[in-house]
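S.K.: could you work out the structure for the sequence below:
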Amino acid sequence: MAPPPVKQVTASWEGRSMVFRGEAPGRAPIVIDGETAEGPSPMDTLLIAIAGCTGSDVVSVLRKKRLDLRGLRLELRGERREEYPQRYVKIDLVYHVTAPGATEEAVRQAIDLSLQKYCSVTHSLAPDIPVRYELRLQA
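M.R.: Predicted coordinates for the structure are as follows:
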């Protein structure tokens with residue numbers, strides 16, 4: 001059996017403020033800004049990573065179900081502690097799905113599969129952080 005995959009990235013300080021350039025080999029770079037002037041903060045980036053991960057899962061599952069997915073937009077809200085470390089203590093997602101003919105049950109099944117089984121980013125969070133969702137389906 002092959003060893004588990006290993007990911008490697010670099011983050012380089014751009015020499016100004018709290019701006020870093022993040023890169024994965026062979027991929028487009030991203031800007032992360034601890035002061036949010038030139039890009040999303042590290043904590044914003046974590047929410048974006050969750051959205052990209054679960055969103056990709058949902059698209060994949062709905063396509064396998066042969067549903068007519070025409071749109072998917074996610075809104076995320078992370079509630080943070082006031083004391084340090086100011087980590088997330090709760091994350092709420094709203095899935096806006098446009099899929100003519102899709103049932104709420106089918107779309108919820110795709111979301112549940114993502115959050116309970118497939119999304120590596122949410123599974124990398126501390127287990128005491130509740131991740132809840134709401135579905136807004138335009139069928």
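
S.K.: so who does the residue nearest the centre of the chain touch?
M.R.: Of all residues in the chain, the one closest to the mean position by CA atoms, centre = their mean is Ile50, 1.5 Å from it. Applying CB atoms under 8 Å, 6 or more residues apart in numbering to Ile50 gives the contacts 76, 91, 93, 119, 121-122, 131. (Glycine included, C-beta is placed from N, CA and C.)

S.K.: drop anything exposed from the residues you listed.
M.R.: Using 16 or more other CB atoms under 10 Å as the burial test, the contacts of Ile50 include 76, 91, 93, 119, 122, 131 as buried.

S.K.: how about the nearest residue to the third one, chain neighbours excluded?
M.R.: The shortest distance from Leu93 to any non-neighbouring residue, by CB to CB, 6 or more residues apart in numbering, is to Tyr133 (4.3 Å).

S.K.: doesn't that neighbour lie inside a strand?
M.R.: Yes: if the criterion is DSSP: H, G, I helix; E, B strand; the rest coil, then Tyr133 is within a strand.

S.K.: thought it was touching Tyr95?
M.R.: Yes: when contacts are counted by CB atoms under 8 Å, Tyr133 is listed as touching Tyr95 (6.2 Å).

S.K.: who are the neighbours in contact with Leu115?
M.R.: So Leu115 contacts 54, 122, 131, 133 (CB under 8 Å, 6+ apart).
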